[in-house]
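[1] Prediction below, plus the sequence it came from.
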Amino acid sequence: MTNLAYDSPEDNEAATPEMAALQALRPVPRISIQAFCETEGVAQPIERAGEDRRMSRAHLKVHMGGVATAIELYQTAPTPNLIILESRKEPREMLQSLNELAEHCDPSTKVVVIGHYNDVGLYRELIRSGISEYVVAPISMADVVSVVSTIFVDPEAEPIGRSIAFIGAKGGTGSSTIAHNVAWAMSSLFKSEVVVADLDLAFGTANINFDQDPAQGIAEAVFSPERIDEVYLDRLLAQCSEHLSLLAAPSTLERVYDFDHDAFTQIIDTAQRSAPLLVLDMPHVWTGWSRATLTKADEVVVTATPELANLRNTKNLIDMLKRLRPNDPPPKLIINQAGVPKRPEIKPNDFSEPLGITPIAVIPFEPLLFGNAANNGRMLGEMDAAHPVTAVMNDIAHVLTGRSEVKAKKKAALGGLLGKLALKKKK
């Protein structure tokens, strides 16, 4: 059981090895953390940990009330990347309370339990079932930072972030606009850190849509791959909102943007270790690097308008991506700009039937809403949160993060938190 508790360095020389270990830790990624404490003795070191320089990119909030407060909160709110729970209950009651909390937790959420029982059997049961760590109180600030770092900064661990690539089947389908609005919806709805990477270096529009004019961006990273690490990447990010950052494209023609097929690999890998969600705004090109990027993405979203050329291109893209990604689900499909007046269109069912894919959304043609948002450098949700199209963007965000499926699982009462985490661990 992890228990590195100690007094301040002034009072205890034994603290020196732990403090030295902290000095070697890399910064914690842009994750969201919520702690639920029953005692001030646990709440205070967690709050101090949130002020540590290694935790500066993480969003940490401390609640008093323990597991009961967590259950009440997550009945109506999404769960963060990490939950820290203090429980003074004896082992059997603790496991029961965790099962109650499970009905309101996303499976991707990691959990650290701070208990008051030095019980090896409990520790083994929790770890075996998928709980990330069990810490015995009392704890120190260094304990908290160390545990979070071990979970999210371990070089051998899988990247914490999922990459979602958006590409248009044809120029002008609105893929970039949808990518930006869905990314904004993810960050605002779920309070989860999102990084948007604009990979259209010549003509990218993310800087305009988010009303940003950063001096640096993705070009500095792609042309200096030897410098890329989490710290350097963090310097290149433009903060668009509390939970959303942008790797902006230069959007100039002063140089030619010809890249090797793996040019963006290191950038994407580093970004995925820095934030839970990475949205890749892909240009409508077919090159070695774009093919490699789409192949490696965790999820691909194809945006098309209901026209014949779009149908042909969409089918080519989906067929190719199925061959390149035989062990992954097929790309997601969004039909955009449906219902343009006087334009002959292919009905959504007729469009999707030859593809063998049901669209996750059909977005109507709303030039006034989209035009006003673009001209003001604002997202649709900022312009009109009650508009039906804004609700569609929110629905897409739920689907792409798996939260719509999680809701269905809750209704079906599929097991408890320990069972869910155990299944996730085995995959």
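    Looks like it came in fine. Numbers count the residues shown, from 1 in each chain.

[2] Am I right that residue 346 sits in a helix?
    No: under DSSP: H, G, I helix; E, B strand; the rest coil, residue 346 falls outside any helix and is assigned coil.

[3] Would you check that it makes contact with residue 311?
    Yes: when contacts are counted by C-beta atoms under 8 Å, residue 346 is listed as touching residue 311 (6.2 Å). C-beta: built from backbone N, CA, C; applies to glycine.

[4] show me where the stretch 1-150 of the chain has helices.
    Using DSSP state H, counting those that start in this stretch, the helices of the stretch 1-150 of the chain run over 15-23, 40-50, 66-74, 91-102, 120-129, 141-152.

[5] Mind checking those helices for the one nearest to residue 336?
    With C-beta to C-beta as the measure, helix 66-74 is the member of the helices of the stretch 1-150 of the chain nearest residue 336 (33.4 Å).

[6] Can you list the buried residues in that closest one?
    The neighbour-count criterion (16 or more other C-beta atoms under 10 Å) identifies 66, 67, 69, 70, 71, 74 as the buried residues of helix 66-74.

[7] Give the bridge partners for the closest residue to the fourth one other than its chain neighbours, please.
    Spatial nearest neighbour of residue 70, excluding adjacent residues (C-beta to C-beta, 6 or more residues apart in numbering): residue 36 at 4.5 Å. Partner residues in beta bridges with residue 36: residue 63, residue 85, with DSSP bridges as the criterion.

[8] Thought residue 72 was touching residue 36, still the case?
    No: the pair residue 36 and residue 72 does not pass the contact test of C-beta under 8 Å, sitting 10.1 Å apart.

[9] Mutual contacts of the two, please.
    residue 65 (C-beta atoms under 8 Å, 6 or more residues apart in numbering).

[10] In this protein, which residue is most central in space?
    Residue closest to the average C-alpha location in the chain (C-alpha atoms, centre = their mean): residue 277, at 2.3 Å.

[11] Give me the pLDDT value at it.
    In the predicted model, residue 277 carries a pLDDT score of 94.

[12] I figured it hits residue 402, correct?
    No: using C-beta under 8 Å, residue 277 and residue 402 do not qualify as a contacting pair, with a distance of 11.3 Å.

[13] quick revisit: quick check: which of the helices of the stretch 1-150 of the chain is buried the most?
    Burial among the helices of the stretch 1-150 of the chain, expressed as mean neighbours by mean count of other C-beta atoms under 10 Å, is greatest for helix 141-152, which shows a mean of 22.

[14] tell me what it is packed against?
    Using 3 or more C-beta pairs under 8 Å, 6 or more residues apart in numbering; DSSP states H and E as the contact definition, the elements that helix 141-152 packs against are helix 15-23, helix 40-50, strand 82-87, strand 110-115, strand 133-136.

[15] could I get the ones you listed as CSV with mean pLDDT and distance to residue 302?
    Conversion of those to CSV gives the following (pLDDT from 0 to 100; distance: least, C-beta to C-beta, whole Å):
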stretch, mean pLDDT, distance to residue 302
helix 15-23, 57, 45
helix 40-50, 93, 40
strand 82-87, 94, 33
strand 110-115, 93, 31
strand 133-136, 92, 40
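
[16] Quick one: closest of those to residue 32.
    Comparing the helices and strands packed on helix 141-152 against residue 32 with C-beta to C-beta, the closest turns out to be strand 82-87 (7.4 Å).

[17] remind me which residues of the chain are low pLDDT?
    Per-residue confidence for the chain (pLDDT under 70) gives these ranges: 1-26, 154-159, 405-427.

[18] if I look at the residue nearest to residue 70, how far off is residue 82?
    Taken as C-beta to C-beta, to the nearest Å, the spacing of residue 36 relative to residue 82 amounts to 12 Å.

[19] out of these two, which sits in the more crowded spot?
    Neighbours per residue, other C-beta atoms under 10 Å: of residue 36 and residue 82, the larger number sits with residue 36, 26 against 23.

[20] Now do stretch 305-321: distance to the chain's middle.
    28 Å (C-alpha atoms, centre = their mean, to the nearest Å).

[21] For that stretch, buried residues please.
    Neighbour-count burial for stretch 305-321, counted by 16+ other C-beta under 10 Å, picks out 305, 306, 307, 310, 311, 313, 314, 315, 317, 318, 321.

[22] Return the member of the residues you listed nearest to residue 105.
    Proximity of these to residue 105 (C-beta to C-beta) peaks at residue 321, which lies at 31.8 Å.

[23] Excluding chain neighbours, what is closest to that closest one?
    Residue nearest to residue 321 in three dimensions, not counting chain neighbours: residue 331, with 5.3 Å by C-beta to C-beta, 6+ apart.

[24] is it true that the one you found touches residue 304?
    No: between residue 331 and residue 304 no contact is recorded; they are 10.8 Å apart, counting by C-beta under 8 Å.

[25] Of the two, which one has the most company?
    The neighbour comparison of residue 331 against residue 304 (other C-beta under 10 Å) goes to residue 304, with 29 against 22.
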